[in-house]
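Trainee: need coordinates for the below:
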Amino acid sequence: MNTGLRVLSAIALASALGLASCSDDEGDDSGTGGSGNRPDDTGAACMVADDCYPDVAEGELQGEAVCIDRVRGGYCTHTCESNDDCCAAEGECSSSLLEVCSPFESMEGMHCFLSCEDADVAAVSDIEDEQDFCQKKASPDFICRSSGGGGDNRKICVPGDCGVGESCSEVADCAPDLECVTSFGGGGYCTMRGCSAENPCPGDSLCVTRDDENFCFRPCARASDCTYCRASDAAVTCTDDVTFAMDGATGSVCVPG
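Mentor: Numbers count the residues shown, from 1 in each chain. From the prediction side, this is the model:
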């Protein structure tokens, strides 16, 4: 594994959460609100490969630039043969994250990805778990997941599908069939209104009565469940002090305001 630490950019240092420096998330129809924070290099939002690695001189990348369009907002990367090919070019990596050369799902070849391998997570202090690691070191909209690819699987930070609980300012920021409720305070909240036994919440979200209406809220077991896909100034709290709309429902949910 390429273990050389890279110096944080001035932009990264300016982030209140210590995140890598960011660019706008282009997004797709699975919701484009989120935190608005993305890395500048590997993992940056993109639509085409030409969007990627603007600070690297032509021909210097150790591989071909690629925009992976099968994840939310796109993902800048480049082809590689080993970990040493990642971050090999001047201006390629401005964050402190290590990268791994890995397969990805059914894509051909190997590509560079932000790493959340166990050893890399364990080397960082003040990190709750691998999900907290990806959120704080890459983007609040990223999750730690297996790269796919059989025996060459690696653990990588990539965008997740935000869904219920994503921060928002308008309905276009939310996934299809969700609306942006701003009356809760705390930066807007993507949710489904009017949930019931006959109209269940999507995924594993839970139906809660608030302000005399029923809304779907993201379930949580730890703080990183509630910071996921939320801007730093749009904090929500994990609590079980809510009124569930269905008899017998229990658990904790991420509550804004």
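
Trainee: and for the closest residue to C93 other than its chain neighbours, the neighbour number?
Mentor: Using CB to CB, 6 or more residues apart in numbering and skipping residues adjacent in sequence, the residue nearest C93 is C87, 4.0 Å away. Where you see a C-beta, it was placed from the backbone N, CA and C, and this is true even at glycine. Using other CB atoms under 10 Å, the number of residues around C87 comes to 21.

Trainee: next up, phi/psi of C226, please.
Mentor: Backbone torsions for C226, taken as degrees, to the nearest 10, come to phi -90, psi -20.

Trainee: now swap in L206 and tell me
Mentor: Dihedral angles (degrees, to the nearest 10) for L206: phi -120, psi 150.

Trainee: wait, what's in contact with it?
Mentor: Residues in contact with L206 (CB atoms under 8 Å, 6 or more residues apart in numbering) are C216, F217, P219, F244, A249, G251, V253.

Trainee: how confident was the prediction at the third one?
Mentor: Among the per-residue scores, P219 shows a pLDDT of 97.

Trainee: quick one, what contacts it?
Mentor: D204, S205, L206, D225, G251, S252, V253, C254.

Trainee: what's the neighbour count on the residue nearest to V253 when sequence neighbours are not counted?
Mentor: Distances taken as CB to CB, 6+ apart place F217 nearest to V253, at 3.8 Å, with adjacent residues excluded. Using other CB under 10 Å, F217 has 28 neighbouring residues.

Trainee: same thing with the one 10 residues further on?
Mentor: Neighbours of T227 under the rule other CB under 10 Å: 24.

Trainee: ok, now the one 10 residues further on?
Mentor: Other residues within reach of T237 by the criterion other CB under 10 Å amount to 15.

Trainee: for it, grab phi and psi.
Mentor: With angles defined as degrees, to the nearest 10, T237 sits at phi -120, psi 140.

Trainee: what's the nearest residue to it if we skip its chain neighbours?
Mentor: V255 (5.5 Å).

Trainee: who are the packing partners of the strand or helix carrying the one you found?
Mentor: For V255, the enclosing helix or strand under DSSP states H and E is strand 253-256. Judged by 3 or more CB pairs under 8 Å, 6 or more residues apart in numbering; DSSP states H and E, strand 253-256 is in contact with strand 206-210, strand 213-217, strand 236-239.

Trainee: worst-scoring helix or strand of this structure, pLDDT-wise?
Mentor: helix 10-14 (a mean of 27; mean pLDDT, DSSP states H and E).

Trainee: now what about the helix or strand following it, what contacts it?
Mentor: Heading C-terminal from helix 10-14, the first helix or strand you meet, by DSSP H and E, is strand 65-68. Strand 65-68 has contacts (CB under 8 Å, 6+ apart) with 46-53, 74-79, 104, 107, 111.

Trainee: from these, list the buried ones, please.
Mentor: Burial by neighbour count, judged by 16 or more other CB atoms under 10 Å, picks out 46, 49, 51-53, 74-79, 104, 107, 111 from the contacts of strand 65-68.

Trainee: specify which member of these is nearest to S169.
Mentor: Ranked by distance to S169 (CB to CB), the buried ones among the contacts of strand 65-68 are led by G74 at 21.3 Å.

Trainee: quick one: contacts for the nearest residue to that closest one once chain neighbours are set aside?
Mentor: The spatial neighbour of G74 that comes closest, neighbours along the chain excluded (CB to CB, 6+ apart), is C46 at 4.0 Å. By CB under 8 Å, 6+ apart, the contact set of C46 is E26, C52, C67, G73, G74, Y75, C76.

Trainee: gap between C46 and C101?
Mentor: Shown here: C46 relative to C101, a distance of 19 Å by CB to CB, to the nearest Å.

Trainee: before we move on, back to that, isn't the residue nearest to T237 up against V242?
Mentor: Yes - contact criterion CB atoms under 8 Å: V255 and V242 qualify, at 6.4 Å.
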